[in-house]
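[1] using only what follows, build the 3D model:
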Amino acid sequence: MKIKILLLVVAVQFLLLPNLFAQNGDAVSNKYWDLLLEKTYKKNINNKYMPYFPPQLKALGNRKIELNGYIIPIKSGISHDNFLLSVLPVLQCQYCGMGDVPEMVIVYMKDKIKFTDKPILLEGIFKIDENNMDNASFALMNAVIKNN
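    Residues are numbered from 1 along each chain as shown. Have a look, this model is predicted:
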């Protein structure tokens, strides 16, 4: 009897927990995130897939932009000056479940900021790395927080 109750509790948890953390209503968006989604991949002359950035996305390079999102820490700690910025909160596992992994931006802050699970608004110089497949394609340099 105890095993049946335990199995029932586990089954209920698996049914309810995804609903607690998979609320896409938490996702942020703005015109810049929409443009980041325009990045695709195309084969080059060496039959190697490389990122393709359409002209309207390339035009953002080296410009100051404001980008909202959630802090995804790269290293453990309370304060960070280098982290990933995502449209989804860290509690929503971006590497599991259904759908694609959303585009993320690596952020290099002017000064450290404390971690928060709330969305933040940053301003910085937007950079595009067209050649390096091993790192994030997008970076926000010398970023400053615009809200708390």
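[2] tell me how many other residues crowd Pro54.
    Using other Cβ atoms under 10 Å, Pro54 has 11 neighbouring residues. Any C-beta I mention is one placed from the backbone N, CA and C, and that applies to glycine too.
[3] was I right to think it contacts Glu38?
    Yes - Pro54 lies in contact with Glu38 (Cβ atoms under 8 Å); the separation is 5.0 Å.
[4] and Asn68, that one's in a strand?
    Yes - counting by DSSP: H, G, I helix; E, B strand; the rest coil, Asn68 is found in a strand.
[5] shouldn't it be in contact with Pro119?
    Yes - if you go by Cβ under 8 Å, Asn68 and Pro119 touch, sitting 5.5 Å apart.
[6] now do the strands in the chain.
    40-43, 49-52, 63-73, 79-86, 105-114, 120-128, 138-145 (DSSP state E).
[7] and the last one, C-alpha only, in CSV?
    Going back to what we said before, that points to strand 138-145. What follows is strand 138-145 as a C-alpha-only set of coordinates in CSV (Å, rounded to 0.1, in the frame of the first residue of the first chain):
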residue,chain,number,x,y,z
PHE,A,138,25.8,37.8,-29.8
ALA,A,139,27.4,39.9,-27.1
LEU,A,140,26.4,43.0,-25.2
MET,A,141,29.5,44.9,-24.2
ASN,A,142,30.0,47.6,-21.5
ALA,A,143,26.5,47.0,-20.4
VAL,A,144,24.8,49.0,-17.7
ILE,A,145,21.5,48.2,-15.9
